[in-house]
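**Student:** no FASTA, just this:
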């Protein structure tokens, strides 16, 4: 339950103040949305929308009878008529009723308004800040390694990619506060470049979200929600992290709030010295990295609106060294350095036009650059000379201007509509683009309805229409259904069409030299998919345990998949073409139980893949997960265990004779443990633990044919760095006025 204490008194300027506090910690509740309508006899009602300041206070201009509505995530909406006047001797105390099950996280991705997981029509899973810290996750790669239905893959130069529901990561859209992250290298965004130091929570939606988010959301969406604003006049923290694989990280954050103005600044540096798994002398399986980043946010509340400017800068240097080469005259190595820069800027504006209408807009500019520089290094005198050959030097730059606006209006308790526009202007510059510079523009309109057809039935149809300057963009529909059989049993089902636009590389690549003849294709069609998703969720209290269980199933059918193919054997010309169809299907079973500080999360998933290269039937791969957390509030200690089994994964590749062969990646298990303890009124937090207790490093990667590069089952694939220990120390400081 949450307690709202409303105190009224009259100031010299005839202003009436309302104070909101929470009985969870007795502190003020900032940024609380309050709707108040002054009811006047014989006159039209006067509506006012208010947002509490950092002291939990709003100002009401007149006394009288008010219809007040207060929405607070995790609690039932409060609505009542209150009499506001200056003669009330004591504060009026109102107690809001908590939702029946305390297993709900707040979600915003794909929603008309802020909702809990159980209220959402979409099937959403969330990972909160506490879980990030307990898992010792530094970046998105670390965090997703424990998630079901997500497979990670490592490339020494391109970084860590992923697949979701058996669909490759180039079909999964990664967002930060709703803004897409650009800079895909060979279709992959390196998850190890996405730091979590300033992330509040992560929301994951499986299945197409192309109606709202457009291209690249064919397989799903991962939205990272950053920390915003400050609950106090001054707050901040300093964090340090060490891991025995040679990782040293430091970051800090400071937040300020003054009346209606707030701001935050976060800075950090991550250092990883690299790690060898085999007998390497100079080269390392896991490449050395140095990362530096900063995030700046400035926000302002003006009447019934909130505006926020957000800017972030990320710099990385990755070093890829070769093994030493010995000659009678010299000892040298070939070294390549990869420099990555991400610079993202956005203006976010949220307007409350009236009690039933909101407008949200985003205007952002994202810039990405990746530079490859190659040298020959003399290992005797340590001098370096640039390598002058094809592929040794390369620069690629991408820019994206995004303009998105969403108008949401509730007609009544039954009908709610969302209308939006989405404009994406993308450019690419690089030596391997035909003509040097390429541009692509996309203009879209989309709409969704949320219909509360009955008390138990919620319908959500949607449609997106777009125009693209470089390819024929499809019409994209979606339809979601949520039905509450009872207060504790819910069915969700959906059909959605997804699409992935051909990338600038696939449309315009021109990479021709003595060793390569690879060209883009201006006639490519967008990849399309049909997705059917269904789940049933049960919440309840059994023998003192709060339990949430879910059974979910899905089927994806992909059309016109884009792949690189040999189109002219005489010239060895490769082109991107639409040649493949692909299917995935699977099921998930999960159980989340909580009681007296204990939290047990169990899960099982089975993912099936079908391709013309696999044969006539699906090939399946299982996953298991078991997470355990025991919190002891009396001594402020948390103990956590994270376990995941990843089953053998089928695939296909080209052998030395350019023939398609089937491949197989062996199964493996990982387990992490951590212990956290807080001190000095929760200002200091110490987390220590161990990762990869089973010491998994490389696993077998076998081909199904002989004579090819993957034949004989003799090759291996790195999946982890081996067993490591880590320790994290966080210091928080808060100043209250």
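**Tutor:** That came through fine. All values reported here derive from a predicted model rather than from experimental measurement. Residues are numbered from 1 along each chain as shown.

**Student:** following whatever helix or strand residue 531 lives in, which helix or strand comes up?
**Tutor:** Residue 531 is part of strand 527-542, with elements assigned from DSSP states H and E. Downstream of strand 527-542, the first helix or strand assigned by DSSP H and E is strand 545-568.

**Student:** what's stretch 411-426 in contact with?
**Tutor:** Stretch 411-426 is touched from outside by 112, 182, 212, 214, 356, 398-410, 439-453, 466, 504, with contacts defined as Cβ atoms under 8 Å, 6 or more residues apart in numbering. All C-beta atoms are positioned from the backbone trio N, CA, C, and that covers glycine.

**Student:** Counting neighbours, which of those end up buried?
**Tutor:** 112, 182, 212, 214, 398-400, 402, 404, 406-410, 440, 442-444, 446-448, 450, 466, 504 (16 or more other Cβ atoms under 10 Å).

**Student:** Would you map the helices across the chain?
**Tutor:** Secondary structure of the chain (DSSP state H): helices at 129-135, 140-144, 210-213, 504-508.

**Student:** Quick check: which ranges of the stretch 201-350 of the chain have low pLDDT?
**Tutor:** For the stretch 201-350 of the chain, the stretches with pLDDT under 70 are 229-231.

**Student:** I'd like to know how many residues surround residue 286.
**Tutor:** By other Cβ atoms under 10 Å, 21 other residues sit near residue 286.

**Student:** what do you get for residue 264?
**Tutor:** 23.

**Student:** for it, what are its contacts?
**Tutor:** 227, 228, 229, 230, 253, 254, 255, 256, 295, 296, 297.

**Student:** now, which of those sits nearest residue 482?
**Tutor:** Residue 482 has its nearest neighbour among the contacts of residue 264 in residue 228, at 28.6 Å by Cβ to Cβ.

**Student:** Give me the distance between the nearest residue to residue 137 once chain neighbours are set aside and residue 675.
**Tutor:** Spatial nearest neighbour of residue 137, chain neighbours left out: residue 143 (4.0 Å); criterion: Cβ to Cβ, 6 or more residues apart in numbering. Distance of residue 143 to residue 675, given as Cβ to Cβ, to the nearest Å: 19 Å.

**Student:** quick revisit: please give me every residue in contact with the residue nearest to residue 137.
**Tutor:** 127, 132, 135, 137, 196, 202.

**Student:** Turn those into JSON lines, columns for distance to residue 283 and neighbour count.
**Tutor:** Converted to JSON lines, the contacts of residue 143 look like this (distance: Cβ to Cβ, whole Å; neighbours: other Cβ atoms under 10 Å):
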{"residue": "127", "distance to residue 283": "34", "neighbour count": "22"}
{"residue": "132", "distance to residue 283": "32", "neighbour count": "19"}
{"residue": "135", "distance to residue 283": "30", "neighbour count": "22"}
{"residue": "137", "distance to residue 283": "27", "neighbour count": "23"}
{"residue": "196", "distance to residue 283": "29", "neighbour count": "19"}
{"residue": "202", "distance to residue 283": "33", "neighbour count": "24"}
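
**Student:** With distance to residue 282 as added columns, please give the residues you listed in JSON lines.
**Tutor:** Formatted as JSON lines, the contacts of residue 143 follow (distance: Cβ to Cβ, whole Å):
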{"residue": "127", "distance to residue 282": "37"}
{"residue": "132", "distance to residue 282": "34"}
{"residue": "135", "distance to residue 282": "32"}
{"residue": "137", "distance to residue 282": "30"}
{"residue": "196", "distance to residue 282": "31"}
{"residue": "202", "distance to residue 282": "36"}
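
**Student:** Specify the angle between the strand holding residue 531 and strand 545-568 in degrees.
**Tutor:** 170 degrees (axes from the mean of the first three to the mean of the last three Cα atoms, to 10 degrees).

**Student:** Buried ones in strand 527-542, by neighbour count?
**Tutor:** 527, 528, 529, 531, 533, 534, 535, 536, 537, 539.

**Student:** burial measure for residue 279, as a count.
**Tutor:** The burial count for residue 279: 6, using other Cβ under 10 Å.

**Student:** again with the one 5 residues further on
**Tutor:** For residue 284, the tally of surrounding residues (other Cβ under 10 Å) stands at 19.

**Student:** List phi and psi for it.
**Tutor:** When read as degrees, to the nearest 10, the backbone of residue 284 gives phi -130, psi 140.

**Student:** So, low pLDDT: which residues of the stretch 551-700 of the chain?
**Tutor:** Checking the stretch 551-700 of the chain against pLDDT under 70 turns up 565-573, 613-615, 652-661.

**Student:** Tell me where it has strands.
**Tutor:** 573-595, 598-610, 619-632, 637-646, 649-654, 660-665, 668-679, 684-691, 698-703 (DSSP state E, counting those that start in this stretch).

**Student:** Can you pull the phi and psi angles for the residue nearest to residue 122 when sequence neighbours are not counted?
**Tutor:** Distances taken as Cβ to Cβ, 6+ apart place residue 110 nearest to residue 122, at 4.9 Å, with adjacent residues excluded. Here is the backbone geometry of residue 110 (degrees, to the nearest 10): phi 80, psi 10.

**Student:** I'd guessed residue 110 sits against residue 206; true?
**Tutor:** No. Contact criterion Cβ atoms under 8 Å: residue 110 and residue 206 do not qualify, at 11.6 Å.

**Student:** Looking at those two, which is more packed in?
**Tutor:** Higher neighbour count among residue 110 and residue 206: residue 206, with 28 against 24, using other Cβ under 10 Å.

**Student:** what number of residues lie near the closest residue to residue 507 other than its chain neighbours?
**Tutor:** Nearest residue to residue 507, sequence neighbours excluded (Cβ to Cβ, 6+ apart): residue 520, at 4.9 Å. Residues contacting residue 520 under the criterion other Cβ under 10 Å number 22.

**Student:** And residue 433, by the same measure?
**Tutor:** 20.

**Student:** Kindly report the same for residue 160.
**Tutor:** Residue 160 has 22 nearby residues by other Cβ under 10 Å.
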